[in-house]
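> sequence unavailable; structure follows:
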């Protein structure tokens, strides 16, 4: 693993960012450039540099050596910039249309320079505004199928795959997921963050041994199942989209894990948005879940048939078994995502912006019930149709 | 990963081996030493150096940059010497009584200097001679429980475990197992090696889609399930033993894999020896299997209760589920081991030395049936008692 020497690393200023872009000849000598730092100051600096003459722009993203969460600073490896850049480059081998172009990386400065996507909107925000994003799930299904299949042992010879596993060992970022998704929400831990009106619901989760046993096993899969190169944080806030285009960003959590984890985070975040809507407006989200899965199956199966390196790929029933295990795990991981986004450290605006307060609380109670049911009934839920039925049934109870 | 520069590496001669031992002060200045190269010339040089005055000795093991198999040479990384030495050192943290002491390692020369165990006998040879080795399975059960539990995510924080995973990424040796255990025997591949009288039985295996589907899934687990630091090649030829002592050697295949693989290889090799015996002499092997498992469960459970780092360890039913999954996988892996040792590249003397020829063939046919049944009935076989029943039933059919 390349490490960053602190003597070389320093955070860029806006003028240094412009100077770097010019030195790399990403603009012409005489371009009139503006630079604005648009990051949330949480994990990264994000400089948007624009040529005022023609509007062309780039993004310079620089990792900060800490994460600011609820006022505190956690030290966080700069190595995640290397992981992110390499993940983007790897994904672009299979789905260049769905990831930002990478122009330059500098591991010592923890910098990645990439395509400016500000003509698009973050999918979470668009969905909260009620936009349909009609191609979103078609694109995400294909993104998932191709990035995951083509980095798995089904497609890649194991020598090369093991070198990739080593390249993407990502303990710091995995630890965040381990704690915030799979551990803290299920115990009375300090990082949790929920309204006191949810106290009883949360207590029920902490006491539910059946639920916790299922979560323990999902956590163990997250820790040990090195199946494919995951995005690792594939929620709707990691997707830029509009009516025609979809770009998946921020793969700094990338590592080799279970395929169902990426799929499940997508399902979970679509559901979280569905919960925030009135019943009559939820259907589009269930359709997004169904389309994501159907396109995933279609593209994964096509890749399997055309490009599998695994000699057993032709064995009767193998592909079907692999897909059904991915779905089962995705259902469980979706449940974990829903619960942690409701009572854990990192919330989602879909729920947190709900008004009035009573509605927010009842929606969160519903989210906790659905999350728990999905985790406990992974094996019984075999397709998006049953998935929707389970959700609707839990909602109506 | 450290790599060996070919300019520095060279195979030792016997006199160089003695000089090295003296330089390292493993003997006194005036010791009268003899040196004999006792390796099989296949993968490693093995120098046994003995002080003729008191009989004290050491072993200098040096990896060769190739493997000689059926007359051919495969290039093979010298990095396996580093893996072996580090695995021995890691195992000795938990079970120093069951591994040879390591006195010195040199990664560039691909050398490990260790305890001379020639007062013990290779367990396979002892079992073929009909010796009981009464403590063998008690020791192996404890070896498995402690080396596997204490290198798993159940015991180790994930940061440290991921650094171990990286340290033990072992593509060359894993590739051998992938091919010779999980692939070639199930297809008409050149490396296979079986008597033509087994042709029909082998053909049946190649056509059995249910069997191949189950093997495909076991192979995928071998490739992706980074559960604990395995020995990786734990057959009875990797064990030195006598009535009182047991030492597990040769962990050059060590890598992070599924716990059931090590357990299953032990089961499989005990069974292979059982097949080679008359019915009235088989019981001791079934007892070895049962004892291995029972001691494994006892020691693994004790370690879990006392030393688990995993916060979910106290969840009702979790330990039981983990153990039952290990057993299920071990049954399947045992089946793979039995089949590959019968028709694959690397055979075992237990079967190959059987006489007369007809008996050898019928025993191998039996081994293939039992191996197939174990693989196809993993889920139905829940304990050593049912394991024995399945074997006996297959034998009597």
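Sure thing, it's come through. Not measured: the values here are computed from a predicted model.

> helix or strand: which one has the residue lying farthest from the centre of chain A?
Residue farthest from the centre of chain A, counting by C-alpha atoms, centre = their mean, is residue A:30 at 38.8 Å. Residue A:30 is located outside every helix and strand, with elements delineated by DSSP states H and E.

> burial count for the residue in the stretch 251-397 of chain A positioned nearest to chain B?
Going by C-beta to the nearest C-beta, chain B is nearest to residue A:312 of the stretch 251-397 of chain A, at 3.6 Å. To be clear about C-beta, it is placed using only N, CA and C from the backbone, and glycine gets the same treatment. Residue A:312: 19 surrounding residues under other C-beta atoms under 10 Å in any protein chain shown.

> I'd assumed residue B:218 was in contact with it.
No - in this structure, residue A:312 is not within contact of residue B:218 by C-beta atoms under 8 Å, at 10.2 Å.

> the helices in chain A, which residues?
Applying DSSP state H to chain A gives helices spanning A:14-23, A:79-94, A:123-128, A:136-149, A:158-167, A:171-180, A:199-207, A:209-224, A:259-275, A:283-307, A:318-343, A:349-352, A:357-376, A:384-396.

> distance check, the spatially closest residue to residue A:12 that is not a sequence neighbour against residue A:106.
Counting by C-beta to C-beta, 6 or more residues apart in numbering or on different chains, residue A:62 is the residue found nearest to residue A:12 once chain neighbours are left out, at 5.7 Å. According to C-beta to C-beta, to the nearest Å, residue A:62 and residue A:106 sit 9 Å apart.

> please say which of these two ends up with more neighbours.
The neighbour comparison of residue A:62 against residue A:106 (other C-beta under 10 Å) goes to residue A:62, with 24 against 19.

> pretty sure that one contacts residue A:81?
Yes - using C-beta under 8 Å, residue A:62 makes contact with residue A:81 at a distance of 7.2 Å.

> joint contacts of these two?
A:110, A:111 (C-beta atoms under 8 Å, 6 or more residues apart in numbering or on different chains).

> so what's the closest residue to residue A:261 other than its chain neighbours scoring on pLDDT?
Computed as C-beta to C-beta, 6+ apart, the closest residue to residue A:261 that is not its neighbour in sequence is residue A:333, at 5.0 Å. We have a pLDDT of 98 for residue A:333.

> show me what contacts residue A:333?
Contacts for residue A:333 (C-beta under 8 Å, 6+ apart) come out as A:218, A:222, A:258, A:260, A:261, A:263, A:264, A:265, A:267, A:268.

> ok, now how distant is the first one from residue B:226?
Here the criterion is C-beta to C-beta. By it, residue A:218 lies 16 Å from residue B:226.

> the more surrounded of those two?
More crowded of residue A:218 and residue B:226, by other C-beta under 10 Å: residue B:226, with 25 against 22.

> how many neighbours does the closest residue in space to residue A:56 that isn't next to it in sequence have?
Among residues not flanking residue A:56 along the chain, residue A:50 sits closest, at 7.2 Å (C-beta to C-beta, 6+ apart). Residues lying near residue A:50 (other C-beta under 10 Å) number 19.

> hmm, residue A:50 is touching residue A:32, no?
No - shown here, residue A:50 and residue A:32 do not form a contact pair, counting by C-beta under 8 Å, at 9.3 Å.

> picking that back up, which residues does the residue nearest to residue A:12 form a beta bridge with?
residue A:45, residue A:111 (DSSP bridges).

> list the residues that contact it.
A:11, A:12, A:44, A:45, A:46, A:47, A:81, A:109, A:110, A:111.

> filter those down to the buried ones.
A:12, A:44, A:45, A:46, A:47, A:81, A:109, A:110, A:111 (16 or more other C-beta atoms under 10 Å in any protein chain shown).

> quick one, what contacts residue A:318?
Residue A:318 touches A:312, B:213, B:216, B:217, counting by C-beta under 8 Å, 6+ apart.

> mind pulling the model confidence for the second one?
In the predicted model, residue B:213 carries a pLDDT score of 98.

> what residues does the stretch 101-250 of chain A have near chain B?
Those residues of the stretch 101-250 of chain A that sit near chain B, judged by C-beta under 8 Å from any C-beta of the partner chain, are A:153, A:158-159, A:161-163, A:165-166, A:169-172, A:174-175, A:178, A:183, A:186-187, A:209, A:212-213, A:215-217, A:219-220, A:223-227.

> where's residue A:103 relative to chain B, distance?
Separation of residue A:103 from chain B (C-beta to the nearest C-beta, to the nearest Å): 30 Å.

> does that residue touch residue A:24 like I think?
Yes - the pair residue A:103 / residue A:24 is scored as a contact, 7.4 Å apart, by C-beta under 8 Å.

> any shared contact partners between the two?
With C-beta under 8 Å, 6+ apart as the test, residue A:103 and residue A:24 both reach residue A:113.

> most centrally placed residue in chain A?
Closest-to-mean residue, chain A, C-alpha atoms, centre = their mean: residue A:234 / 1.3 Å.

> which residues are contacting stretch A:367-376?
So stretch A:367-376 is contacted by A:198, A:201-202, A:205, A:208, A:210-211, A:214-215, A:218, A:268, A:271-272, A:275, A:331-332, A:334-339, A:341-343, A:351, A:381, A:387, A:390-391, A:394-395, A:397 (C-beta under 8 Å, 6+ apart).

> repeat that for 7 Å
Contacting residues not belonging to stretch A:367-376 are listed as A:201, A:205, A:208, A:210-211, A:214-215, A:271-272, A:275, A:331-332, A:334-336, A:338-339, A:342, A:351, A:381, A:390-391, A:394 [C-beta atoms under 7 Å, 6 or more residues apart in numbering or on different chains].

> same check on stretch A:348-359?
By C-beta under 7 Å, 6+ apart, stretch A:348-359 touches A:124, A:128, A:272, A:273, A:275, A:276, A:341, A:342, A:360, A:363, A:364, A:367.

> if we go to 6 Å?
The contact list for stretch A:348-359 (C-beta atoms under 6 Å, 6 or more residues apart in numbering or on different chains) reads A:128, A:272, A:273, A:276, A:341, A:360, A:363, A:364.

> output these in CSV; the columns should cover distance to residue A:308 and pLDDT.
Converted to CSV, the contacts of stretch A:348-359 look like this (distance: C-beta to C-beta, whole Å; pLDDT from 0 to 100):
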residue, distance to residue A:308, pLDDT
A:128, 40, 98
A:272, 34, 98
A:273, 35, 98
A:276, 40, 97
A:341, 35, 98
A:360, 47, 98
A:363, 43, 97
A:364, 43, 98
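
> per-residue confidence at residue A:70?
Looking at residue A:70, the pLDDT reads 52.

> then residue A:262?
pLDDT at residue A:262 comes out at 98.

> one more: residue A:142?
Note on residue A:142: pLDDT of 98.

> go ahead and confirm it touches residue A:298.
No - look at residue A:142 against residue A:298 with C-beta atoms under 6 Å: they stay out of range, at 8.6 Å.

> who has more neighbours out of these two?
Ranked by neighbour count (other C-beta under 10 Å), residue A:142 and residue A:298 place residue A:142 first, with 21 against 14.
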